[in-house]
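>>> Just to be clear, the model below is a prediction. Sequence and coordinates:
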Amino acid sequence: MHLPNDSPSGTWRQLLRGPYLGTAAVLAGGVALYATNVYLTTSLLPTAIEEIGGQRYYAWTTTVFLVASVISSMLVSNILTGRGPRRAYLIGLAVFAVGTAACSVSPTMELFLVGRMIQGLGGGLLAGLGYAVINAALPKHLWTRGAALVSAMWGVGTFAGPAIGGVFAQLSIWRWAFGVLIIATIAVAVLVPGALPPQTVGVATKTPVPALSLALLTAAAAMVSIAGILSNLMVTAAMVGAAVVILVAFVAADRRAAHGILPPSTFSGSSLKWVYLTIVVLAVASTAEMFIPLFGQRLAGLSPIAAGFLGAALALGWTLGEVPSASATARGVVRRIVVCGPILVAVGLGIMAAFVTDHAGFGVLIAWTIGLLVAGVGIGVAWPHLAVAAMSSVAEPGEGPRASAAINTVQLIANAFGAALAGVLVNIGEPSALRSAQLLLFTFAAIAIIGAAVAGRALPRRRTTVDNPDVALEAIANEPQPDRPTPA
């Protein structure tokens, strides 16, 4: 059934046919490139390090990418204001292509990391623009469908990434996997001029970049990353302790900043900080998946493509948990779901940790897969309720859209620190892949258990602002240039 253009909700046919098909392809394509790249790199990295070395820097490939994504995501609003949607997308695609090309030709891990950093800068722009441009490129009645399409691209990346990376790694031509990404990037870029408007609609102003907060976060992530390659446990502990101190300094600086990374309600008596901490726990736990392909190849003798899909099992569980959970509306039910999320994560990671062994057979692999799926379901069931919880936790109703949009920034930051911490734990366990896996999985399971207590405080007993996800999306989209662009 077709709806008129002034209807509050459009149809998939309206979005995916006619004049908006190209627009939908660009918005979805940018996020699909980002998501596919994440899983593609994870699946081929064990093969790549056999050629270029640098195993001790394994976690850095994710950390530098995510830190760069956080930095560039903070620039989305200003670039969109100054350049308009069309040029902003072309800039993001060009930077992403340059970084991807650098990865494809890197002879050493050090140069590979440079490529990953450039990729992250471009990828952060693409992921943020995927949401920030919806209100400028699509009519109001298609905003909800557009946002759903963009979000669905993470599901595409979950399958396309391991498939592409795993196949090329298995054929010992892993560099060509990045070539496929470059071709896809060019294809999206060709569509941009005819699909996006040159300028945004309405008056927009640039917002100050929280430079000090970003610098402190980058320094803290760097400290943890460096700790991961040190052999002296005392020095490693000291570096991690220094990172904690810097994080405390970040909180203090962001609290005083007029335009910080987090909305002001985070530092008030509201429950918003507990919402964000719950997101941190879930996002940190999700970074365990980056080492799963490595464990699959070394402990179970899996092929690169099989190990890549094993690593994507957690993401698949996330999707499977998110779909049915999103329909829950009763306050008590939602609260229990959110609390159960971290518990399921702990159980899932604990299952895999209990069955980790050298020379793992088929039965053990089934147990690993079940554990990863359970952990993913734990993240998925809680996730769709967190944006609403953020909006209902603010001290001022006007902060709702900012609080909701900041969720994705918090997720990126937590992913970066989770990847760095995972690197520390895995390198402590070396040269034993078994010990590394046990340290990583049991530690992250313990973090998830702690997260269950945090989740219990994340949802206030009374709603104080908007509690409808569609209204939340509309509130975000109505802001000409949101302070907090929302990377997927």
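The structure has been received and is ready for your questions.

>>> Roughly how far does the spatially most central residue of the chain sit from Ala221?
Centroid check for the chain by CA atoms, centre = their mean gives Leu412 as the closest residue, at 5.1 Å. Distance, Leu412 to Ala221, by CB to CB, to the nearest Å: 11 Å. C-beta: built from backbone N, CA, C; applies to glycine.

>>> Contacts made by stretch 229-246 with the rest, please.
When contacts are defined by CB atoms under 8 Å, 6 or more residues apart in numbering, stretch 229-246 is touched by residues 56-57, 216, 219-221, 223-224, 226-228, 423-424, 427-428.

>>> make that stretch 426-444, sorry
The contact list for stretch 426-444, computed with CB under 8 Å, 6+ apart, reads 56, 58-59, 228-229, 233, 236, 284-285, 288, 291, 294-295, 298-299, 349-350, 352-353, 356-358, 421-422, 425.

>>> Which positions in it come out as buried?
Applying a neighbour-count criterion of 16 or more other CB atoms under 10 Å, one finds 426-429, 433-434, 436-444 buried in stretch 426-444.

>>> In the stretch 251-400 of the chain, where is pLDDT below threshold?
For the stretch 251-400 of the chain, the stretches with pLDDT under 70 are 387, 391, 394-395, 397-400.

>>> Show me where it has its helices.
Assigned by DSSP state H, counting those that start in this stretch, the stretch 251-400 of the chain shows helices spanning 272-286, 292-300, 304-311, 313-325, 331-355, 362-382, 386-391, 400-429.

>>> same deal with the stretch 51-200 of the chain?
60-73, 76-105, 109-132, 134-137, 143-170, 175-195.

>>> Leu21: which of the ones you listed is closest?
helix 175-195 (8.4 Å; CB to CB).

>>> can you tell me the average pLDDT over the closest one?
Helix 175-195 carries an average pLDDT of 94.

>>> Can you name every helix or strand that it contacts?
The contact analysis (3 or more CB pairs under 8 Å, 6 or more residues apart in numbering; DSSP states H and E) places helix 175-195 against helix 21-52, helix 76-105, helix 143-170.

>>> buried sites along the shortest one?
Going back to what we said before, that points to helix 143-170. Residues of helix 143-170 classed as buried: 143-147, 149-150, 152-170 (neighbour count, 16+ other CB under 10 Å).

>>> how big is the angle separating that helix from helix 304-311?
Counting by axes from the mean of the first three to the mean of the last three CA atoms, to 10 degrees, helix 143-170 lies at 140 degrees to helix 304-311.

>>> quick one: Ile351 and Arg336, what's the gap?
22 Å.

>>> out of those two, which sits in the busier spot?
With neighbours defined as other CB atoms under 10 Å, Ile351 and Arg336 compare such that Ile351 has more, 21 against 14.

>>> Touching, the more buried one and Ile370? I think so.
Yes. Using CB atoms under 8 Å, Ile351 is in contact with Ile370, at 6.3 Å.

>>> one step back: out of the contacts of stretch 229-246, which one has the weakest pLDDT?
Per-residue pLDDT puts Gly228 lowest of those, at 81.

>>> Give me the spatial nearest neighbour of that residue, chain neighbours excluded.
Counting by CB to CB, 6 or more residues apart in numbering, the nearest residue to Gly228 once its immediate chain neighbours are dropped is Gly423, at 3.6 Å.

>>> Now do the same contact list for the one you found.
So Gly423 contacts Tyr58, Ala59, Trp60, Thr63, Val224, Ser225, Gly228, Ile229 (CB under 8 Å, 6+ apart).

>>> For the second one, give me phi and psi.
In this entry, Ala59 is assigned phi and psi values of phi -70, psi -30 (degrees, to the nearest 10).

>>> Tell me, how many residues neighbour it?
25.

>>> so who does it touch?
Per CB under 8 Å, 6+ apart, neighbours of Ala59: Ser225, Gly228, Met290, Phe291, Ala419, Ala420, Ala422, Gly423, Val424, Val426, Asn427.

>>> Looking at these, which two lie furthest apart in space?
With CB to CB as the measure, no two of the contacts of Ala59 lie farther apart than Ser225 and Phe291, at 14.7 Å.

>>> residue contacts, the closest residue to Val424 other than its chain neighbours?
Nearest non-adjacent residue to Val424, counting by CB to CB, 6+ apart: Gly228, 4.2 Å away. For Gly228, the contact set (CB under 8 Å, 6+ apart) comprises Arg56, Ala59, Trp60, Thr236, Ala420, Gly423, Val424, Val426, Asn427.

>>> Just name the closest of these to Val192, please.
Distance to Val192, by CB to CB, is smallest for Trp60 among those, at 31.6 Å.

>>> Quick check: that closest one vs Val424, distance?
Here the distance between Trp60 and Val424 works out to 11 Å (CB to CB).

>>> Also Ile351?
Counting by CB to CB, the gap from Ile351 to Val424 is 23 Å.

>>> One more: Leu93?
34 Å.

>>> Likewise for Lys273?
Distance, Lys273 to Val424, using CB to CB: 25 Å.
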